[in-house]
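[1] Okay, here's the prediction I keep looking at, along with the sequence it came from:
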Amino acid sequence: MVPRVPDRRVVVVRTLRVAFLLEQAWHRVPGGTAVAAIESAKALSRRVDVDLVGLTARHQVGNVPPAFVGLDSETTLQSAASLLPRQVLYETWHRIRRPRVDRMAGWPDLVHASGGAVPATEAPLVATIHDLAWRRHPEAATRRGRKVFEGWLSDSRRADRVVCPSETTRSDLMAAGFNDDQIRVVPLGVTLSDAEPGLTTRLRVRHDLAEPFVLWMGTLEPRKNLDRLVAAMSISKRLVDVPLVLVGPEGWRTDVARTVAPLKGRAVVVGPVGEVEKRAWLEAADVFCFPSLHEGFGLPVLEAMACGTPVVTSKGTATEEFLGNGGLLVDPTDVGAIAESLTTVLDDNELAVRLGSAGRDRSLDYPWSKTADGLVAIYHELLS
């Protein structure tokens with residue numbers, strides 16, 4: 001009898017060189033699009049089967065956006081910068097499909113437009129579209145903004161694959177004329193880490209927040225529906241003494257002072273913060289309210305869930321897709337329903353604990369490594 005010889009075949013994993021747009025991190029208001037791009041890039045760069053190079057416009061030496069600061073020692077994001085500044089680069093990509101990025105990026109296997117502008121290339125192209133909110137709510141975007149977004153949407157039609165983070169956006173893309181065979185859904189992720197010890201207490205003391213408070217976080221812009229959240233906290237007798245903390249940069253068409261005026265001093269407008277303080281605010285909050293009119297995904301909701309904070313958010317948009325039992329869903333146009341849900345969470349500690357625990361468990365299903373897995377599967381599908 002011939003002895004069986006063990007199978008010692010070696011599986012060779014092909015390393016893909018991927019040119020990945022990272023310029024969003026330098027935008028005046030980076031928003032969730034930049035967070036998604038950077039975190040996806042970090043997760044991709046940790047893989048042995050991906051050689052990632054970030055695409056950027058021309059920037060002065062030392063001009064590093066906050067999203068790039070504090071990368072762990074195991075994560076390096078190599079980048080290739082154009083000779084053109086951003087506005088010129090975006091415009092020429094859109095109008096004449098030049099300059100092509102292939103030589104600049106070391107002749108990649110494919111190019112990934114990770115949200116927003118679409119680089120010019122002769123390589124296979126993947127484009128991410130997070131949402132079509134400006135079509136759902138055109139009044140919530142500037143005329144120039146709508147024009148830019150439509151241009152980027154048009155450019156994305158030449159992509160071989162279009163990635164979106166939710167079924168909500170998939171439906172919007174199909175309504176906009178994209179082929180279902182072209183679209184792939186890859187949800188975004190969240191990083192789980194504890195807040196800096198003692199920081200939540202220091203934030204409460206600094207802002208005189210001895211009592212329970214409601215937290216809202218994101219970019220301050222019309223579709224985030226802050227006026228109705230403020231109205232809900234103004235009309236409810238239970239919420240009449242509850243502070244509202246707003247964390248995030250100002251976007252457009254939002255007069256923050258006027259919006260929060262009905263709260264008569266109960267609003268704490270913090271402004272933009274770094275990742276460490278952001279996590280501390282999420283952990284410190286008694287309830288996180290995000291009644292946005294429309295979202296392509298809604299990262300702040302998932303981040304709040306990862307911190308074990310109970311959530312009140314909108315029905316009928318992407319946040320409903322992943323919320324699970326981590327919070328309460330409301331009609332974002334119903335001020336009374338928003339007030340009632342906030343009151344329910346604040347008055348029922350057992351419910352708040354249960355929602356927070358369920359949300360944290362649910363968030364475990366959304367690591368950024370899983371987002372990277374989904375993207376790499378699309379890369380291989382495209383190149384096979």
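    Cool, the structure landed.

[2] switch to C-alpha atoms for all contacts and neighbour counts from now on
    OK.

[3] Run through the stretch 251-384 of the chain and note the low-pLDDT ranges.
    253 (pLDDT under 70).

[4] surely Arg360 meets Gly308?
    Yes. Counting by CA atoms under 8 Å, Arg360 touches Gly308, with 4.9 Å between them.

[5] These two: which has the busier surroundings?
    Gly308 (27 against 22; other CA atoms under 10 Å).

[6] How about that one, nearest residue that isn't a chain neighbour?
    Gly356 (4.2 Å; CA to CA, 6 or more residues apart in numbering).

[7] what does Arg146 give?
    Excluding the flanking residues, the one nearest Arg146 by CA to CA, 6+ apart is Trp134, at 6.3 Å.

[8] so that neighbour touches Lys147, yeah?
    No. In this structure Trp134 lies outside contact range of Lys147 using CA under 8 Å: 9.8 Å.

[9] Pick out whichever of the two has more residues nearby.
    Trp134 (19 against 13).

[10] starting at the chain centroid, how far to the helix or strand hosting the more buried one?
    Under the criterion of DSSP states H and E, Trp134 resides in helix 133-136. Distance of helix 133-136 from its chain centroid, counting by CA atoms, centre = their mean, to the nearest Å, is 17 Å.

[11] Which helix or strand lies directly C-terminal to that helix?
    Next along from helix 133-136, by DSSP H and E: helix 143-156.

[12] what's in contact with the helix or strand that that following helix is followed by?
    Using DSSP H and E, the helix or strand that directly follows helix 143-156 along the chain is strand 161-164. With contacts defined as CA atoms under 8 Å, 6 or more residues apart in numbering, strand 161-164 is touched by 125-131, 156, 170, 182-187, 296, 378, 382.

[13] Just the buried residues of the very next helix or strand once past strand 161-164, please?
    Going down the chain from strand 161-164, the next helix or strand is helix 167-175, by DSSP H and E. Counting neighbours by 16 or more other CA atoms under 10 Å, one finds that the buried residues in helix 167-175 are 167-170, 172-173.

[14] and what of stretch 231-245?
    For stretch 231-245, the buried set under the neighbour-count rule, 16+ other CA under 10 Å, comprises 231-234, 236, 238-239, 242-245.

[15] So what would you say the end-to-end distance of that stretch is?
    14 Å (CA to CA, to the nearest Å).

[16] from the chain's centre, how far out does that stretch sit?
    28 Å.

[17] and what of stretch 199-206?
    Distance, centroid of stretch 199-206 to centroid of chain: 26 Å (CA atoms, centre = their mean).

[18] pull the CA atoms of it into PDB?
    What follows is stretch 199-206, C-alpha atoms only, in PDB (Å, rounded to 0.1, in the frame of the first residue of the first chain):
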ATOM      1  CA  LEU A 199     -13.000  62.400  30.200                       C
ATOM      2  CA  THR A 200     -16.800  61.900  30.300                       C
ATOM      3  CA  THR A 201     -17.000  63.300  33.800                       C
ATOM      4  CA  ARG A 202     -14.700  66.200  32.900                       C
ATOM      5  CA  LEU A 203     -17.000  67.100  29.900                       C
ATOM      6  CA  ARG A 204     -20.000  67.100  32.100                       C
ATOM      7  CA  VAL A 205     -18.400  69.400  34.700                       C
ATOM      8  CA  ARG A 206     -16.900  71.700  32.000                       C
END
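
[19] Residues contacting it, please?
    So stretch 199-206 is contacted by 210, 277, 280-281, 283-284 (CA under 8 Å, 6+ apart).

[20] Turn the buried residues of helix 167-175 into a markdown table, columns for distance to Ala267 and pLDDT.
    Converted to a markdown table, the buried residues of helix 167-175 look like this (distance: CA to CA, whole Å; pLDDT from 0 to 100):
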| residue | distance to Ala267 | pLDDT |
| --- | --- | --- |
| Glu167 | 34 | 97 |
| Thr168 | 32 | 97 |
| Thr169 | 32 | 98 |
| Arg170 | 36 | 98 |
| Asp172 | 35 | 97 |
| Leu173 | 37 | 98 |
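
[21] Considering those, which is situated nearest to Thr317?
    Nearest to Thr317 among these is Thr168, at 6.4 Å by CA to CA.

[22] The closest one - nearest residue in space that isn't next to it in sequence?
    Excluding its sequence neighbours, the residue lying closest to Thr168 (CA to CA, 6+ apart) is Ala318, at 5.5 Å.

[23] Tell me how many other residues crowd that neighbour.
    As a measure of burial, Ala318 has 22 neighbours, counting by other CA under 10 Å.

[24] My guess is it contacts Leu299. True?
    No. Contact between Ala318 and Leu299 fails when scored by CA under 8 Å: they sit 10.0 Å apart.

[25] Now go through the buried residues of stretch 231-245 and say which are in strands.
    Judged by DSSP state E, the buried residues of stretch 231-245 include 244-245 as members of strands.

[26] I'd say Leu239 and Ala231 touch.
    No. Between Leu239 and Ala231 there is no contact, the gap being 10.6 Å when judged by CA under 8 Å.

[27] Could you look up the next helix or strand downstream of the helix or strand hosting Gly336?
    If you go by DSSP H and E, Gly336 is part of helix 335-347. Scanning forward in sequence from helix 335-347 by DSSP H and E, the next helix or strand is helix 349-363.

[28] Mind giving me the packing neighbours of that next one?
    Under the contact definition 3 or more CA pairs under 8 Å, 6 or more residues apart in numbering; DSSP states H and E, helix 349-363 sits against helix 299-306, helix 319-323, strand 327-330, helix 335-347.

[29] How much space separates Pro138 from Arg223?
    In terms of CA to CA, Pro138 sits 9 Å off from Arg223.

[30] Between these two, point out the one with more neighbours.
    Ranked by neighbour count (other CA under 10 Å), Pro138 and Arg223 place Arg223 first, with 23 against 14.
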